[in-house]
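Q: Pasting the sequence and the predicted coordinates here, then a few questions.
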Amino acid sequence: MQTHKGKKKLILIISILFILLLSIFIISFNIGTFAIGPIDVIKTLFGQGDSKQELVLFTMRLPRIIIALLVASALAVSGTVLQGITKNDLADPGILGISSGAALAVVIYIYFMNGKAYSDVSLITIFTMPIIALLGAGFAAFLIYTLAWKKGINPTRLILMGIGINSAFSAILILFQFRFSTQDFNKIMIWTSGSIWGTNWSYVIATLPFVFIFTVLIIYKARYLDVLSLGDELSVGLGVNIEKERRTLLIYTVALAGAATAVAGTIAFLGLISPHIARKLVGPKHKLLLPTSALVSSIILLLSDTIAKNVLAPIEMPVGIVVSIIGVPYFIYLIMKE
Amino acid sequence: MEKLILTQKKKKMNRLIMSTFIIVIGLIILFLGISLSVSLGAKHIDLNTVFNSMLSPSDDINSKIIRDIRLPRVIAAALVGAFLAVSGAIMQGLTRNPIADPSIMGITQGATFTIAIAFAMKANIGSSDLMIFAFIGASLSGIIVFLLSSRSIKGVSPIKLVLAGTALGTLLISLATAIAMYSNLSQELSFWIAGGLVTAKWEGVKLLASVGAFGVIAAIILSPKITILSLGEEISIGLGQKTNIIRFIGIVIVILLSGGSVAVAGNISFLGLIVPQIVRSLVGPDYRFIIPCSLVLGANLLVFSDISARMINQPYETPIGALTALLGVPFFIYIVRKEVKSL
């Protein structure tokens, strides 16, 4: 159990993370093509700004930031769960091909629906997109799970199957990409490299329920995750139906990764590194680990998005690339260290 | 004891016969494939004309199409297929990992990344400069693979190697994509990223052939050592081999072969996984046989893949890298299902 001292340290860590997030939040508000000073940002947030500032903040920057927070939390939670159920701390919805399943489904959907990528996405498309993405992610997860099944699930086999499925889906994605016109091709490329392009309130409304419901469900199952990560024999000994719990959790994860991919494309490695950092900060108990890794992930994504928007302004980099640049060296370091 | 040696000798004989058989049949089919590939296309040229213009070059239009467009392309396909297959075979032997290949380990992606840089710097870059850039890129990932696989006697587990390679590959491809987008070259570079032989020219093909010939000869000389290393690090050291030097030379060969291939045909994936695996199941674990057979079979596979890539969705070309990936993934899955316990 937590000692008094441990609790104090914990509160400190969480508060520091919150302060970090808040500062990046304000910085992210602050800079852009239309700069607003930090004090004005706070003023405007409390309804004291002029109409131009209000327009920029509330209809352009705020929804984007909220989407970033939702996507980051969804990916972090799904990464944490995947690492727990595969007992492999290198798992992540991107590496496992769940995200590319979702991406492929969305690209095919757009291809057949209106042929025009995102230039005039209708409201119906916005609200059906998460569901389509979810179906794609679900299909990918189903494939990975069944292919990895051989008298039970072996975590190593699960991950390698994921890598295989990821390559197959990426290849099909490329085949589809070449059928779009040049302009749409570029947009699809930007999206599949991961970028927060759904930046109005409709996207927030379309994504929020998924992220909220499934995150709550997963946190409710946190203790099963603790048991699962102890190992199969021990879990059975403790009376946990491993396969059933593993499957349920996998479904929740898929829902989260799908929803995130629908609005932000495939952002790899975020779901991988956030749980690692969080584990170092608060330890392996999932009840704490899940929210902390969501927090860490939000900080990383918001920071990356701010960099992506401004470093080459007025051109925007896909945020997924910025995340990869931060994430991959860390990932390789993790592998080298062991 | 004598009986044992006798059966060993018999086994070796069988393998030799099998390999010779594969190489001879492979070369015959390859020749047919090349002729077919030259004759098929937007302008159909019958086989008779194909052979005639190969034997006695003339100035008519068919002969020109064959000489300047179709022939370099199909030879590029054969070379790239052969070299990627040999690279895959070497990597599987050196890392003792059945699922190693230059695209899974991020080597082809490294070359793709530096080629993107080369294009962004200079639009009309020559074949030799391009190849140098590709070698630099392939070395980036090659060095990491080398470091990871030579760290300790036990080495890094194959799955970690695969994961590290995948991660690195993802990063490098997304960087290449970003460079392509910001230098307004996504059209030119997309075929490089997805793999394709459209841009194959004589100049690049000749360069690739000379670099490749050197690499393949080195690979064949090294092959007995690879066989021993593939049996295990301890055995290899016990037999007095300097394992890290062998591994280093092996990786350099892989960098030359796959970097050169990417400079000509872009990022073609999974070919280096499929071919050595098939060959291994036919001729056994001796790399003296695996490498030459992979060479021939790899050439065949890519020549025929290229024919399909051109025929599937006429008049458009299907990116051949995506095609080989779709061929390769079922294989990958099969191998993982079969061998994961031993990994």
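A: Received, thanks. Numbering: from 1, shown residues only, chains lettered A, B, ... in the order given.

Q: Hmm, residue B:180 and residue B:116 touching each other?
A: Yes: counting by Cβ atoms under 8 Å, residue B:116 does reach residue B:180; the two are 5.7 Å apart. No exception for glycine: its C-beta is placed from N, CA and C like everyone else's.

Q: Excluding chain neighbours, what is closest to residue B:258?
A: Of all residues not flanking residue B:258 in the chain, residue B:102 sits nearest, at 4.0 Å (Cβ to Cβ, 6 or more residues apart in numbering or on different chains).

Q: Doesn't the one you found lie inside a helix?
A: No: read with DSSP: H, G, I helix; E, B strand; the rest coil, residue B:102 is coil and lies in no helix.

Q: Now for the closest residue to chain B within the stretch 201-338 of chain A, how many residues are close by?
A: Nearest residue of the stretch 201-338 of chain A to chain B (Cβ to the nearest Cβ) works out as residue A:328 at 4.1 Å. Counted by other Cβ atoms under 10 Å in any protein chain shown, the residues lying close to residue A:328 total 24.

Q: ditto for the one 3 residues further on
A: Counted with other Cβ under 10 Å, residues neighbouring residue A:331 total 26.

Q: Kindly report the same for the one 3 residues further on.
A: The burial count assigned to residue A:334 is 18, neighbours taken as other Cβ under 10 Å.

Q: Can you name the residues that contact it?
A: Residue A:334 is in contact with A:89, A:90, A:276, counting by Cβ atoms under 8 Å, 6 or more residues apart in numbering or on different chains.

Q: Remind me which helix or strand it belongs to.
A: Residue A:334 is part of helix A:319-337, with elements assigned from DSSP states H and E.

Q: which residues touch the residue of the stretch 201-338 of chain A closest to chain B?
A: A:269, B:167, B:168, B:170, B:171.

Q: if we can go back for a sec, looking at residue B:116 and residue B:180, which is more packed in?
A: Neighbour count, other Cβ under 10 Å: between residue B:116 and residue B:180, residue B:116 has more, with 26 against 23.

Q: That one and residue B:185, how far apart?
A: 8 Å (Cβ to Cβ, to the nearest Å).

Q: Could you do residue A:192 as well?
A: According to Cβ to Cβ, residue A:192 stands 18 Å off from residue B:185.

Q: follow-up on the earlier one: which members of the contacts of residue A:328 are positioned in helices?
A: Secondary structure defined by DSSP state H assigns B:167, B:168, B:170, B:171 of the contacts of residue A:328 to helices.

Q: measure the last one to chain A for me?
A: To tie it back to what came earlier, the one meant is residue B:171. Using Cβ to the nearest Cβ, to the nearest Å, residue B:171 is found at 4 Å from chain A.

Q: Nearest to chain B: which residue in the stretch 1-150 of chain A?
A: Residue nearest to chain B within the stretch 1-150 of chain A: residue A:90 (5.1 Å; Cβ to the nearest Cβ).

Q: secondary structure class for the nearest residue to that residue once chain neighbours are set aside?
A: Using Cβ to Cβ, 6+ apart and skipping residues adjacent in sequence, the residue nearest residue A:90 is residue B:163, 5.1 Å away. At residue B:163 the chain is in helix, as set by three-state DSSP.

Q: Just the pLDDT for residue B:163.
A: Note on residue B:163: pLDDT of 80.

Q: and if you look at the one 4 residues further on?
A: Per-residue confidence (pLDDT) for residue B:167: 83.
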